[in-house]
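Participant: Return a 3D structure for these sequence lines:
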Amino acid sequence: MQVESLDELEKAVSSGSVSTQPEITGAYATGGGAEGATPATVVFPGGVEELSSVTAWARERGASLVPVSSLPPHHTALAADDGRIVVDLSGWDRVIRADRRNRVALIEPGVTFGALDLELSKVGLRAMMPPAPRKGKSVLAAYLDRTPTMVPRAQWDLSDPLLCTELVMGNGEIFRTGCAAGPGTLEEQWATGQAQKNPMGPSSFDFFRLVQGARGSMGIVSWISLKCELRPVVHELMMVPSESLGPLVEVVYAVCRAKWGEECLILDRAALEGLTGVSGMPTFALLIGVAGFEYRPEQRLSYQRRGIERILQAEGARRVRSIGGTGGRRLHELLSSESDPFWKDRLGGHLDTFFLSTLDRATEFEKLIDDVCRAHSLERSSTSLYIQPQLGGRVAHFEATVAFAREQREEALTLSRDITRAAAAAGAYFSRTPDVCPEIALAGKPLLVRTLQRTKLVFDPDGVMNPAALHVKEVM
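Facilitator: Numbers count the residues shown, from 1 in each chain. Okay, the predicted model is just below:
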């Protein structure tokens, strides 16, 4: 970047907020054992007005911005092409508001799951979390990527728990979505009892659906509001081991139909061993949390436990007090806390294949993964499987994770690509871009691609926002 351009950028932000030092910029060029391009500059805006100024500057200079809000180490290389400017918002780490009455919180991009849950606990709320998120992972980034959370009972839309957003578009305009759009400032809305809980709008246009999953290509989000749930007074994790997926699938369907339980997920042996660090785990385990809240907590926990036990008996399954020597309390603690080092990186790095389908196809996709591993002359344990029911059990998130040591990355990449392609051929739906074979998500959908590209031209006409994102990179 030319010196005069750098001087102009420094004028757009507060002093000391722009860095070109290799020891700082280099951290954004690596991730997951892969090497990307070192960004030209990293900028740390001091607030949304500065973020708007940086965007306006980038538009005038023809520069490209790549946002990041999680703390390092990053899972993937952020800057895929030379000359990009990374906009690091990880320092924006305030929980702006936690509203127990409306079960909603409003947070900045740098808030992590651990920090959020700590603040919410002060008002009797809890965060909706993925299992054992990486320490330093941004809640905002996870929700924008539609990372699934563990409580299908509390999810009504695949966009949940994301609600309203504030973002800076490619032309530098600050824009708010949902009921946060106005009228009035946030403080004025709070004074009248509003809580930024309705994500739809403004008017009949749900703009947040364009931002979610766009990987920063439609705008840079400066805060979000999100759904929360009450924090349990009593909690118990029921663990159900099984040698096959079939009985567990039927149990999940029955439990979800009754709208019982809190956490509900299935992990295979490799995933359980990675999470706990303990060997000797069962082939599969269904984990169901039951809880009681402020009113008659023990009674609520008791009747749900009895109901779930009747379902288990009908399906020939049984709960156990521990799996691999790990009790329910310890396992719940691991699932609901940040992990450091990240549990998927038990060998050093990992690659994910994730897609959506219906839960009744679980055994089919398990066999598909087995077949691909066998074709590579690998044990099934080389790939872990995590199945997360969503939308009250109406859909399921499948996540196959290949763990690898650094020197094995190319072999792991080939295996992960083959799993992704096989899943796509079997009818899996990719609601977000996979880490490998990203083109799979949009393959055979030319109308969708053209629509996304035209939308990009409306909200980011000069291609400022992450133009390397798959669905927009050929717009300009």
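Participant: Residue 160: which element?
Facilitator: Using DSSP states H and E, residue 160 sits in no helix or strand.
Participant: cool, the one 10 residues further on as well?
Facilitator: In this structure, residue 170 sits in neither a helix nor a strand according to DSSP H and E.
Participant: Quick one: neighbours of residue 7, just the number.
Facilitator: Per other CB atoms under 10 Å, the neighbour tally for residue 7 reads 10. (Each C-beta comes from the backbone N, C-alpha and C, glycine too.)
Participant: From residue 233, how far out is it?
Facilitator: Here the distance between residue 7 and residue 233 works out to 58 Å (CB to CB, to the nearest Å).
Participant: what bits of the stretch 1-150 of the chain have low per-residue confidence?
Facilitator: The stretch 1-150 of the chain contains residues with pLDDT under 70 at 1-5, 15, 30-36, 75-83.
Participant: All the helices of it, residue numbers only.
Facilitator: Counting by DSSP state H, counting those that start in this stretch, the stretch 1-150 of the chain has these helices, from start to end: 3-12, 22-25, 48-61, 113-121, 139-144.
Participant: In a markdown table: these, plus distance to residue 284.
Facilitator: Compiled in a markdown table, those are given as follows (distance: least, CB to CB, whole Å):
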| stretch | distance to residue 284 |
| --- | --- |
| helix 3-12 | 52 |
| helix 22-25 | 44 |
| helix 48-61 | 45 |
| helix 113-121 | 26 |
| helix 139-144 | 25 |
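Participant: Residue 156: which of the ones you listed is closest?
Facilitator: Among the helices of the stretch 1-150 of the chain, helix 139-144 comes nearest to residue 156, with 14.7 Å by CB to CB.
Participant: For residue 388, find the nearest of the helices of the stretch 1-150 of the chain.
Facilitator: helix 139-144 (13.2 Å).
Participant: Touching stretch 339-349 from outside, list them.
Facilitator: Residues outside stretch 339-349 that contact it (CB atoms under 8 Å, 6 or more residues apart in numbering): 32-33, 132-136, 273-275, 277, 334, 350, 352, 384, 401, 403-406, 408-409, 412.
Participant: Check these for burial and list the buried ones.
Facilitator: By neighbour count, with 16 or more other CB atoms under 10 Å, those hold 32-33, 132-136, 273-275, 334, 350, 352, 384, 401, 403-404, 408-409, 412 as buried.
Participant: just to revisit the earlier point, pick the most deeply packed of the helices of the stretch 1-150 of the chain.
Facilitator: Here the criterion is mean neighbour count by mean count of other CB atoms under 10 Å, and of these the winner is helix 139-144, at a mean of 25.
Participant: And this protein, what are its domain boundaries?
Facilitator: 1-230, 234-335, 347-441 (automatic domain parsing).
Participant: Between those, which one is closest to residue 456.
Facilitator: Nearest to residue 456 among these is domain 1-230 (6.5 Å), distances taken as CB to CB.
Participant: Check the offset of the closest one from the chain's centre.
Facilitator: Relative to its chain's centre, domain 1-230 lies at 12 Å (CA atoms, centre = their mean, to the nearest Å).
Participant: what's the answer for stretch 289-296, then?
Facilitator: Mean-position distance between stretch 289-296 and its chain equals 27 Å (CA atoms, centre = their mean).
Participant: For that stretch, the averaged confidence score.
Facilitator: In this model, stretch 289-296 has an average pLDDT of 95.
Participant: buried stuff in that stretch?
Facilitator: Quick answer for stretch 289-296 (16+ other CB under 10 Å): 289, 290, 291, 292, 293.
Participant: Out of the residues you listed, the closest to residue 257 would be?
Facilitator: residue 290 (15.8 Å).
Participant: what's the spacing between that closest one and residue 332?
Facilitator: Counting by CB to CB, the gap from residue 290 to residue 332 is 11 Å.
Participant: Please enumerate the shared neighbours of those two.
Facilitator: The contact sets of residue 290 and residue 332 overlap at residue 235 (CB under 8 Å, 6+ apart).
Participant: List the buried residues for the helix or strand harbouring residue 450?
Facilitator: Using DSSP H and E, residue 450 sits within helix 446-459. Buried residues in helix 446-459, counted by 16+ other CB under 10 Å: 449, 452, 455, 456, 459.
Participant: do the same with stretch 379-398
Facilitator: Neighbour-count burial for stretch 379-398, counted by 16+ other CB under 10 Å, picks out 380, 382-391, 393, 395-398.
Participant: Check which helices and strands the helix holding residue 450 is in contact with.
Facilitator: Judged by 3 or more CB pairs under 8 Å, 6 or more residues apart in numbering; DSSP states H and E, helix 446-459 is in contact with no other helix or strand.
Participant: Output that helix in PDB, but only the C-alpha positions, please.
Facilitator: Included here for helix 446-459 are C-alpha records, laid out as PDB according to Å, rounded to 0.1, in the frame of the first residue of the first chain:
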ATOM      1  CA  PRO A 446     -27.300 -20.300 -11.500                       C
ATOM      2  CA  LEU A 447     -30.400 -18.300 -10.800                       C
ATOM      3  CA  LEU A 448     -29.400 -18.000  -7.100                       C
ATOM      4  CA  VAL A 449     -25.900 -17.000  -8.000                       C
ATOM      5  CA  ARG A 450     -27.100 -14.300 -10.300                       C
ATOM      6  CA  THR A 451     -29.500 -13.000  -7.700                       C
ATOM      7  CA  LEU A 452     -26.800 -12.800  -5.100                       C
ATOM      8  CA  GLN A 453     -24.500 -11.000  -7.400                       C
ATOM      9  CA  ARG A 454     -27.100  -8.500  -8.400                       C
ATOM     10  CA  THR A 455     -27.900  -7.900  -4.700                       C
ATOM     11  CA  LYS A 456     -24.200  -7.400  -4.100                       C
ATOM     12  CA  LEU A 457     -24.200  -4.600  -6.700                       C
ATOM     13  CA  VAL A 458     -27.100  -2.900  -4.900                       C
ATOM     14  CA  PHE A 459     -25.600  -2.800  -1.400                       C
END
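Participant: follow-up on the earlier one: can you add distance to residue 252 and pLDDT and give the buried residues of helix 446-459 back as JSON lines?
Facilitator: What follows is those, written out as JSON lines (distance: CB to CB, whole Å; pLDDT from 0 to 100):
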{"residue": "449", "distance to residue 252": "35", "pLDDT": "85"}
{"residue": "452", "distance to residue 252": "34", "pLDDT": "86"}
{"residue": "455", "distance to residue 252": "36", "pLDDT": "88"}
{"residue": "456", "distance to residue 252": "38", "pLDDT": "88"}
{"residue": "459", "distance to residue 252": "39", "pLDDT": "88"}
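Participant: how about those in JSON lines, adding distance to residue 118?
Facilitator: What follows is those, written out as JSON lines (distance: CB to CB, whole Å):
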{"residue": "449", "distance to residue 118": "42"}
{"residue": "452", "distance to residue 118": "38"}
{"residue": "455", "distance to residue 118": "38"}
{"residue": "456", "distance to residue 118": "38"}
{"residue": "459", "distance to residue 118": "35"}
